[in-house]
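Novice: need a structure here:
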Amino acid sequence: MNIKVILLTFACLFCLGNSTSHAQSQNNDNDSIRAIIEKKRAYNERKGIGYRIQLYNGSEKRVKTIRAKFRIEFPSIATYLKYNAPEWKIQVGSYKTTLEAARGLREINKKFPGAIIIPMSK
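Specialist: Take a look at the predicted model:
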């Protein structure tokens, strides 16, 4: 009786494993997947990907003052000025992931405590 149960269990597991491996080996490179990938690439080119750290959002004079101070403290990190009427923004760095941006923010927050992480846009 025990041998029959063991053999039956083994046979079921063998059949299940065989059908699962067959399903995973099918080729999924078709036109719809390629189309989705192309749409994603086009979106990334249009919108931009990644993250920046925003130091300040406000008057032009204050933005330029903060930019000068930032360049003294962190000369190797790029700065970007953006104008969205009626406010100016100063953004710094270019990070691919939020984790990278969070690491940068930790250092920047020591000198510029109001900084935040924002998604990058073109």
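Novice: quick one: the strands in this structure?
Specialist: Applying DSSP state E to the chain gives strands spanning 51-58, 79-84, 87-95, 116-119.
Novice: out of these, flag the one nearest residue 30.
Specialist: strand 116-119 (31.2 Å; C-beta to C-beta). C-beta here means a position set from N, CA and C on the backbone, and glycine is covered the same way.
Novice: tell me the mean pLDDT for that closest one?
Specialist: For strand 116-119, mean pLDDT rounds to 94.
Novice: CA atoms only: put that strand into PDB for me.
Specialist: The C-alpha coordinates for strand 116-119 follow below in PDB (Å, rounded to 0.1, in the frame of the first residue of the first chain):
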ATOM      1  CA  ILE A 116      13.700  66.600  -1.700                       C
ATOM      2  CA  ILE A 117      13.800  63.800  -4.400                       C
ATOM      3  CA  ILE A 118      11.800  64.400  -7.500                       C
ATOM      4  CA  PRO A 119      11.300  62.400 -10.700                       C
END
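Novice: packing partners of that strand?
Specialist: strand 51-58, helix 98-111 (3 or more C-beta pairs under 8 Å, 6 or more residues apart in numbering; DSSP states H and E).
Novice: and the first one, which strands flank it?
Specialist: I take that to be strand 51-58. strand 87-95 (antiparallel), strand 116-119 (antiparallel) (DSSP bridges).
Novice: which residues does the longest one contact?
Specialist: What that stands for is strand 87-95. 50-60, 62-63, 66-67, 70, 74, 77-83, 101, 104, 108, 118, 120 (C-beta atoms under 8 Å, 6 or more residues apart in numbering).
Novice: filter those residues to the buried ones?
Specialist: 50-57, 63, 66-67, 70, 74, 79, 101, 104, 108, 120 (16 or more other C-beta atoms under 10 Å).
Novice: now the strands of the chain as TSV including distance to residue 5?
Specialist: Conversion of the strands of the chain to TSV gives the following (distance: least, C-beta to C-beta, whole Å):
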stretch	distance to residue 5
strand 51-58	57
strand 79-84	69
strand 87-95	57
strand 116-119	57
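Novice: right, and these - which one's nearest residue 41?
Specialist: Set against residue 41 and scored by C-beta to C-beta, the strands of the chain come closest in strand 116-119, at 17.5 Å.
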